[in-house]
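> Show me the folded form of this:
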Amino acid sequence: MNIIRIYNHSAGAVVRSYAVTPENIVVWLELAPQHPKLLGAIWASLVDGSGEWLRLVDEDPDREYEPVRSYYVRGLRRRYHRLTAESPNLAGRARSKFLRLIAPDLCQIEDSTKPFGILAWPGMTSGRALAAMLEQGTPYPIRTDWGDYLLAEALHREYAQPLKTGGPVPEGFWLEPAPWGEIIAEGVRSGHLTLEGSVTRLPISLPNRQPVRV
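The predicted structure follows:
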């Protein structure tokens with residue numbers, strides 16, 4: 001069983017799951033039920049405009065090659081989508097809370113000239129999540145079934161990298177701004193994409209990971 005903790009300059013908190021970008025920016029963080037003041041301290045460090053660096057330690061004795069992973073990470077320096085739930089069975093003087101932080105960049109493309117992330121949400125593969133994000137956040141005519149092809153092409157061209165994750169977090173990728181119009185046009189010209197929405201071939205094999213309940 002792995003033990004994950006995150007530390008700021010004054011405190012440490014138990015983490016259930018996390019996802020960070022290749023540049024070690026926290027885009028997903030689930031904090032196990034703890035004292036609300038402790039959760040608030042970690043949250044404040046992640047949104048603080050000073051860009052404070054925190055230490056994230058992921059220990060898993062069952063992991064053969066990397067039993068301990070340690071990262072120095074920072075937050076978005078702006079607001080996350082913040083979800084909380086009370087844990088009455090752990091109540092003391094102050095009722096413990098579960099906290100999940102999700103970067104807005106994992107939910108929609110706010111600026112097509114900046115990086116964004118995708119997650120394999122329940123019932124949706126990473127590729128379909130990418131197609132949905134591009135359909136909503138760009139002017140390109142995206143078909144949902146093109147998603148796996150577009151993700152595979154982005155990985156092949158090194159516009160996409162897997163998120164660094166730990167705990168029960170969905171599969172995810174971080175994407176740099178890519179020439180999606182060019183990728184789509186080449187896919188259609190080569191016959192790998194059809195205007196009816198089907199895909200005839202992927203450039204590479206996508207990871208095969210079991211979905212995670214979130």
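> Quick one: the strands in this protein, in order.
3-7, 12-20, 26-34, 53-59, 68-74, 81-86, 97-102, 116-119, 160-162, 164-166, 172-175 (DSSP state E).
> Redo those as a markdown table? Include mean neighbour count, distance to residue 154 and mean pLDDT.
All C-beta atoms are positioned from the backbone trio N, CA, C, and that covers glycine. Formatted as a markdown table, those follow (neighbours: other CB atoms under 10 Å; distance: least, CB to CB, whole Å; pLDDT from 0 to 100):
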| stretch | mean neighbour count | distance to residue 154 | mean pLDDT |
| --- | --- | --- | --- |
| strand 3-7 | 17 | 29 | 96 |
| strand 12-20 | 20 | 18 | 96 |
| strand 26-34 | 22 | 17 | 94 |
| strand 53-59 | 18 | 26 | 96 |
| strand 68-74 | 14 | 24 | 95 |
| strand 81-86 | 12 | 24 | 86 |
| strand 97-102 | 20 | 21 | 91 |
| strand 116-119 | 26 | 10 | 96 |
| strand 160-162 | 17 | 4 | 97 |
| strand 164-166 | 19 | 18 | 95 |
| strand 172-175 | 23 | 6 | 97 |
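> of those, which approaches residue 147 most closely?
strand 116-119 (9.1 Å; CB to CB).
> So which residues make contact with the closest one?
19, 21, 27-28, 103, 105-106, 109-110, 126, 129-130, 133, 137, 151, 163, 170-175 (CB atoms under 8 Å, 6 or more residues apart in numbering).
> Just give me how far that strand sits from the chain centre.
The chain centroid and the centroid of strand 116-119 are separated by 6 Å under CA atoms, centre = their mean, to the nearest Å.
> Next: stretch 130-149.
18 Å.
> now the angle between strand 97-102 and the helix or strand bottoming out on mean pLDDT in the chain, please.
Using mean pLDDT, DSSP states H and E, the weakest-scoring helix or strand in the chain turns out to be strand 81-86, at a mean of 86. With axes from the mean of the first three to the mean of the last three CA atoms, to 10 degrees applied, the angle from strand 81-86 to strand 97-102 works out at 160 degrees.
> Could you spell out the sheet neighbours of strand 81-86, each with its direction?
When sheet partners are counted by DSSP bridges, strand 81-86 sits next to strand 97-102 (antiparallel).
> got the angle between the partner strand and strand 26-34?
180 degrees.
> roughly how far apart are residue 140 and residue 160?
From residue 140 across to residue 160, the span is 16 Å (CB to CB, to the nearest Å).
> tally of neighbours for residue 126?
Residue 126: 23 surrounding residues under other CB atoms under 10 Å.
> Same check on residue 183?
21.
> just checking, it touches residue 152?
No - if you go by CB atoms under 8 Å, residue 183 and residue 152 don't touch, sitting 10.3 Å apart.
> where does this protein have low pLDDT?
87-95, 197-214 (pLDDT under 70).
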